[in-house]
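Engineer: can't give you the sequence, but here's the structure:
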């Protein structure tokens, strides 16, 4: 199941684990990513908490936990190759994996069609 | 914030047509980047040639009221040797207040006009203030005429000379910090060999009605790309150059800002400029703080406003410019620290999002400057 937030994060939910990244729209808006600060494995976040920071040449932007839960893994490849966020935002550029506290929170997120409509409404 | 509409430079439509992302800057709607992106634009400028619209900056002509040298009046507020400027020579100088703080930095060029008129270029965000200060303090001696009908573009990078020489071969003869009148594509322009990227290059003052066709003509050259404010900032940061209002403000002295090269030798001896008592005292006894280059050890950029701590964790300073340096290949920053902690190699901590990140005081500039100085 693929879901999206209005903060331009994507969430792929498989077997109780949510993988979180930023969308292609977000990486294009940010520009060249030069640094990603990832959360600690084991940390718990409530939906909307600041969980990571992504820095482009120009500015730093927060990445919010799109759902409540515990961090189970982070993408260490981003530490050495932050540009993966630009080149592969929707797969190899993932940020972290969470074990969800409440699967019901997924229902509040957009599916792909709704997100594309949301993007269209921004211009 | 007010809702004052943003000014547009004469190149606004070209920026939009070339896909620029426009942002408000110093009251102007300016391109922060083009589709090439900040990293690509930065690298292109270092490798080939970048074309910058800097028409938002303030260009003005300064003349004396009585036919004497207008530089004598400017020297009351500026510590550089301006009276000795020969026609076609330019100098980086500072507009000082009575407390020895830097109101702005600027370029002053002696034109070839018989009255010794000076052409000055000041920062966009400061131009109204600068003009007011000059009018208030020196208005009885000189006139300052803003050149509202002139655009300003900069062509910067190792290919700048070859590109511009195709239009006017004589530009190759200019040395760093020299300027002259040149006809480009049938239009008389005022061209200086100068810039703010650390690269060789030119700044070209063009009648506004001619700048679009000139910019289009230049960007048709395969070595030239349009470059936005994002890369302009990373280029000048790597070159260790101050950004007015960030790396200094009206409270910071030239000694603190590390721009004492702008103090003329004889001017220092005479001490005959605004704020001289503080500045001479700091030269003799040392300032309370000083601007240094800083290299964060990790990959996290330290942005403006980041607190600097000593190894014991005491906050001792602040970052005034910081980001990622594409040519350096890592984060670079400048900030103020006490002189005792300013030696190259001194270990510091940068407090980024509440966590201490180790960093080291580094020599400025971060990259080799490639100005084409004329050998005497």
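Structural biologist: Arrived safely. Remember, predicted model here, so these are calculated numbers, not experimental data.

Engineer: so in chain B, which strand runs the longest?
Structural biologist: Ranked by residue count under DSSP state E, the longest strand found in chain B is strand B:315-325.

Engineer: list the contacts for the residue positioned nearest the centre of chain A?
Structural biologist: Taking C-alpha atoms, centre = their mean, the centroid of chain A lies closest to residue A:21, which sits 2.8 Å from it. Taking C-beta atoms under 8 Å, 6 or more residues apart in numbering or on different chains, we find residue A:21 in contact with A:9, A:10, A:85, A:89, A:90, A:91, A:93, A:94, A:95. (Each C-beta comes from the backbone N, C-alpha and C, glycine too.)

Engineer: tell me the strands beside the next helix or strand after the longest strand of chain B, with direction?
Structural biologist: Remark: after strand B:315-325, the chain's next helix or strand is strand B:330-337, criterion DSSP states H and E. According to DSSP bridges, strand B:330-337 forms sheet pairs with strand B:290-296 (antiparallel), strand B:315-325 (antiparallel).

Engineer: in the stretch 201-350 of chain B, what residue lies closest to chain A?
Structural biologist: Across the stretch 201-350 of chain B, no residue is closer to chain A than residue B:324, which sits at 4.1 Å (C-beta to the nearest C-beta).

Engineer: my read is that that residue contacts residue B:330, right?
Structural biologist: Yes. Taking C-beta atoms under 8 Å as the definition, residue B:324 is a contact partner of residue B:330 at 7.2 Å.

Engineer: those two: which is more packed in?
Structural biologist: Applying other C-beta atoms under 10 Å in any protein chain shown to residue B:324 and residue B:330 shows that residue B:324 carries more neighbours, namely 27 against 17.

Engineer: what pLDDT is listed against residue A:123?
Structural biologist: pLDDT, residue A:123: 73.

Engineer: related to what we said a few turns ago, report the strands that pair with the host helix or strand of the residue nearest to the centre of chain A, each with its relative direction.
Structural biologist: Assessed by DSSP H and E, residue A:21 sits inside strand A:17-22. Taking DSSP bridges as the criterion, strand A:17-22 forms sheet pairs with strand A:9-14 (antiparallel), strand A:96-100 (antiparallel).

Engineer: what residues sit buried inside that strand?
Structural biologist: A:18, A:19, A:20, A:21, A:22 (16 or more other C-beta atoms under 10 Å in any protein chain shown).

Engineer: repeat for stretch B:324-342
Structural biologist: Going by 16+ other C-beta under 10 Å, stretch B:324-342 has these buried residues: B:324-327, B:330-337, B:341-342.

Engineer: report how many residues lie close to the spatially closest residue to residue A:68 that is not a sequence neighbour.
Structural biologist: If the residues on either side of it in the chain are set aside, residue A:68 comes closest to residue A:101, at 4.3 Å by C-beta to C-beta, 6 or more residues apart in numbering or on different chains. By the measure other C-beta under 10 Å, the count of residues near residue A:101 is 15.

Engineer: for residue A:116, same thing?
Structural biologist: Around residue A:116 there are 13 residues (other C-beta under 10 Å).

Engineer: check residue B:156 too.
Structural biologist: Using other C-beta under 10 Å, residue B:156 is surrounded by 28 other residues.

Engineer: again, but for residue B:116
Structural biologist: For residue B:116, the neighbour count with other C-beta under 10 Å is 20.

Engineer: ok, now which ones touch residue A:15?
Structural biologist: Residue A:15 neighbours (C-beta under 8 Å, 6+ apart): none.

Engineer: ok, now residue B:65?
Structural biologist: B:140, B:141, B:142, B:143.

Engineer: hmm, residue B:271 is touching residue B:280, no?
Structural biologist: Yes. Between residue B:271 and residue B:280 there is a contact under C-beta under 8 Å: 5.5 Å.

Engineer: out of those two, which sits in the busier spot?
Structural biologist: Here residue B:271 and residue B:280 are compared on neighbour count by other C-beta under 10 Å; more neighbours surround residue B:280, at 16 against 11.
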